[in-house]
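In: A predicted structure for the sequence below; I have some questions about it.
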Amino acid sequence: MSETVERTNVEVLFDPETIAERNRELAAEIVAAKPEKLLVIAVLKGSFVFAADLIRALHGAGLAPEVEFITLSSYRKSTASSGQVTVLRDVETDVRGRDVLLIDDILESGRTLAFAKDLLAARGARRVLVCVLLEKPEKRAVQIHADFVGFTCPDYFVVGYGMDVAHAFRQLPFIGYIPDEGASGTPS
Ligand code: IMP
Ligand code: MG
């Protein structure tokens, strides 16, 4: 199935119902990890829609997390990873002694999440659990394990449900890809 958005053909990979169902399952998995003093940290910008839905699924599963945000850069306008991660906007909460659930949209090379996980562990978090909406296993460059994975994703450059290409398509309620963009990492 595909949808035309701004005169662009976007192929649907995961529809809204499939995502909502998976979010409920993820929340149950997170509850099973018995988090204490849970602080959710969403990596902006790409994870903001996923995080918004997941924290409400966590509420439905009986958890009451605090919520924070961190803005990290790795991708800019290009679809290829720059390899370097920097903090553009930091969290405002002390993570010492807390269980942190780090939420991101995609685990690809792993550089973004490896950087964030190390940073929070170094600041004294009790546990740093990693939850990603999508995992692209073929592109891993550094060792990092995601504790919770929404979906394994083929090697496409995906958009929607918070994710963008050159700032567009974040508003789509589904996860899709633009066939003309080719696989991520492929010059387009
Ligand atoms: P990593 O550091 O290579 O694991 O890159 C992860 C980050 O790259 C994610 O948080 C996304 O923001 C971005 N990213 C990777 N693949 C895609 C994609 O297919 N669409 C949109 N953003 C992506
Ligand atoms: Mg991101």
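Out: Everything's here; your move. Residues are numbered from 1 along each chain as shown. Ligands and ions are numbered 1, 2, ... in the order given.

In: so how far is Gln171 from Met163?
Out: Using C-beta to C-beta, to the nearest Å, Met163 is found at 11 Å from Gln171. Backbone N, C-alpha and C define where each C-beta goes, glycine included.

In: Compare these two (neighbour count), which wins?
Out: Between Met163 and Gln171, Met163 has the larger neighbour count (other C-beta atoms under 10 Å), namely 24 against 12.

In: and the next element down the chain from whatever helix or strand Ala51 lives in?
Out: In this structure, Ala51 sits in helix 48-60 according to DSSP states H and E. Where DSSP H and E defines the elements, the next helix or strand beyond helix 48-60 is strand 66-73.

In: in that next one, what counts as buried?
Out: Within strand 66-73, the residues scored as buried using 16 or more other C-beta atoms under 10 Å are Val67, Phe69, Ile70, Leu72.

In: Please apply the same query to stretch 107-120.
Out: 107-117, 119-120.

In: Relative to the whole chain's centre, how far out is that stretch?
Out: Its chain's average C-alpha position is 11 Å from that of stretch 107-120, according to C-alpha atoms, centre = their mean, to the nearest Å.

In: and it, average pLDDT?
Out: Average pLDDT, stretch 107-120: 95.

In: start at 40 instead
Out: Yep, numbering from 40; the last one is stretch 146-159 now.

In: what residues does stretch 92-100 touch?
Out: The set of residues external to stretch 92-100 that reach it, using C-beta atoms under 8 Å, 6 or more residues apart in numbering, is 58-59, 62-63, 65-67, 69-70, 79, 104, 106, 142, 170.

In: Just the buried residues from those residues, in ChimeraX please.
Out: A single ChimeraX command selects the buried members of the contacts of stretch 92-100 (16+ other C-beta under 10 Å):
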select :58,62,65,66,69,79,104,106,142,170
